[in-house]
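*Asks:* Fold the following and give me the result.
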Amino acid sequence: MTTSAELIEVSERRSAHNYHPLPVVLHEAHGAWVTDVEGRRYLDFLSGYSSLNFGHGNEKILAAAQEQLRNLTLTSRAFYHDQFARFCAGLADLTGKDMILPMNTGAEAVETAIKVARKWGYLVKGVERDKANIVVMEDNFHGRTTTIVSFSTDPDARDDFGPYTPGFTIVKYGSADAIRSAIDDDTVAVLVEPIQGEAGVLVPPDGYLTQVREICTEQNVLMIADEIQSGLGRTGRTFACDHEGVVPDVYVLGKALGGGVVPVSAIAADEDVLGVIKPGQHGSTFGGNPLACAVGSAVVEILRTGEFQARAAELGGIMHARLRELVGHGVVTVRGRGLWAGVDIDPSLATGRQVSEALMARGVLAKDTHGSTIRLAPPIVISEEDLLWALDRLAETVGSLR
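*Replies:* Predicted structure coming up:
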């Protein structure tokens with residue numbers, strides 16, 4: 001098995017069809033560029049759904065991983081290890097929180113936030129046992145575990161996976177009034193994505209996050225911000241919440257926290273929230289392992305300088321200006337912030353999948369979502385020249401459809 005065709009055929013035959021990848025088989029990558037098994041090069045405009053904010057093969061991250069691989073990779077949390085304190089303290093400082101609870105995948109971090117919020121509701125707020133409720137948003141995407149899909153409004157993610165977990169109230173995204181109306185005495189948290197990535201990079205109205213913060217404070221419920229895709233530099237700030245100066249009670253982090261090397265996730269909160277978790281009540285064999293902590297610490301150090309945040313803001317401005325020129329010329333709407341955009345293609349011209357395949361043929365890898373929408377999220381290390389080259393390929397692609 002050496003050719004793309006052979007590898008795709010075996011993959012389709014021997015693996016479950018839970019994804020529908022573009023027909024490209026990647027072999028190596030550096031920076032913003034990836035290469036397939038036949039040697040064809042592509043610009044990566046997806047970045048592993050923001051997992052590769054700092055590029056493929058980032059030297060600082062790889063160096064940290066390689067050094068740790070030679071020393072110690074796993075202890076389980078039965079013992080301390082010398083990378084744990086540094087990672088937790090560093091990430092706590094970056095978020096401005098007292099404590100970190102590290103896990104592995106983003107979905108695990110969301111599950112952790114849900115468990116912590118419920119326990120906080122019972123032990124601190126005084127909600128009656130087993131009555132806790134969390135307000136969530138329409139069109140959310142927080143992962144694919146049984147609990148999480150229980151409050152998904154995406155039929156593909158939710159249908160035929162019941163019975164569903166109770167304890168969630170779904171409201172319209174972007175409406176502070178809807179949140180206020182949904183909160184009752186049993187509400188323990190509001191779980192929100194500052195920008196809804198999977199839904200098509202949906203940016204809420206200005207002031208929305210500020211209002212959510214105010215409502216949560218007034219009603220004594222936790223504001224949980226899922227910054228798994230939007231956080232760690234992607235939008236031009238460390239966190240998307242920073243654009244409104246909002247600090248949630250709980251940050252949910254993942255993807256880019258692992259530097260594109262290993263799965264690393266965590267929630268960050270103050271002691272009055274995370275302090276409700278006691279030994280034996282939550283954990284993971286691999287959560288906070290030495291390799292993950294070494295990589296996570298390297299990511300935290302990269303973000304401390306603000307260089308990547310500033311770069312995402314500058315290049316994002318260039319990207320959005322170029323994308324806006326396509327509106328009315330095959331593109332209906334462009335949304336986003338920083339180096340992150342959702343582009344709605346005129347559905348009478350093509351689907352998002354068709355546009356993604358046409359872009360791939362021109363050397364750019366992006367991914368569709370929900371019909372005629374494509375998502376653009378190049379690594380923040382991309383050069384301005386490469387960014388503009390890829391956007392020209394998009395313009396060519398859209399122009400060829402008309």
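*Asks:* so who does the closest residue to residue 310 other than its chain neighbours touch?
*Replies:* Excluding the flanking residues, the one nearest residue 310 by C-beta to C-beta, 6 or more residues apart in numbering is residue 236, at 7.6 Å. C-beta: built from backbone N, CA, C; applies to glycine. Residue 236 makes contact with 243, 309, 310, 312, 313, 316, 337, 338, 339 under the criterion C-beta atoms under 8 Å, 6 or more residues apart in numbering.
*Asks:* Residue 236 falls within a helix, correct?
*Replies:* No. Checked against DSSP: H, G, I helix; E, B strand; the rest coil, residue 236 lies outside a helix; its state is coil.
*Asks:* quick one: it from residue 94, how far?
*Replies:* Per C-beta to C-beta, to the nearest Å, residue 236 is found 16 Å from residue 94.
*Asks:* What confidence value was assigned to the residue nearest to residue 310?
*Replies:* Listed pLDDT for residue 236 reads 98.
*Asks:* which SS class is the most centrally placed residue in the chain?
*Replies:* The centre of the chain sits closest to residue 229, judged by C-alpha atoms, centre = their mean, with a distance of 1.8 Å. Residue 229 carries the three-state label coil when classified by three-state DSSP.
*Asks:* what's the closest non-adjacent residue to it?
*Replies:* Looking at residue 229 with C-beta to C-beta, 6+ apart, the closest residue is residue 197, at 4.0 Å.
*Asks:* Just to check, that neighbour is in contact with residue 230?
*Replies:* Yes. Assessed by C-beta atoms under 8 Å, residue 197 is found in contact with residue 230 at 6.7 Å.
*Asks:* list residues touching both of these two?
*Replies:* Shared contacts of residue 197 and residue 230 (C-beta under 8 Å, 6+ apart): 50, 340.
*Asks:* hey, where'd the helices end up in this structure?
*Replies:* Counting by DSSP state H, the chain has helices at residues 4-14, 47-50, 59-71, 84-95, 106-120, 146-149, 155-158, 176-182, 208-219, 271-274, 290-304, 307-324, 352-361, 384-401.
*Asks:* and those helices as a markdown table, adding mean neighbour count and mean pLDDT?
*Replies:* A markdown table is the format used below for the helices of the chain (neighbours: other C-beta atoms under 10 Å; pLDDT from 0 to 100):
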| stretch | mean neighbour count | mean pLDDT |
| --- | --- | --- |
| helix 4-14 | 12 | 97 |
| helix 47-50 | 22 | 97 |
| helix 59-71 | 15 | 98 |
| helix 84-95 | 19 | 98 |
| helix 106-120 | 24 | 98 |
| helix 146-149 | 18 | 98 |
| helix 155-158 | 12 | 96 |
| helix 176-182 | 17 | 98 |
| helix 208-219 | 18 | 98 |
| helix 271-274 | 17 | 98 |
| helix 290-304 | 23 | 98 |
| helix 307-324 | 18 | 98 |
| helix 352-361 | 19 | 98 |
| helix 384-401 | 17 | 97 |
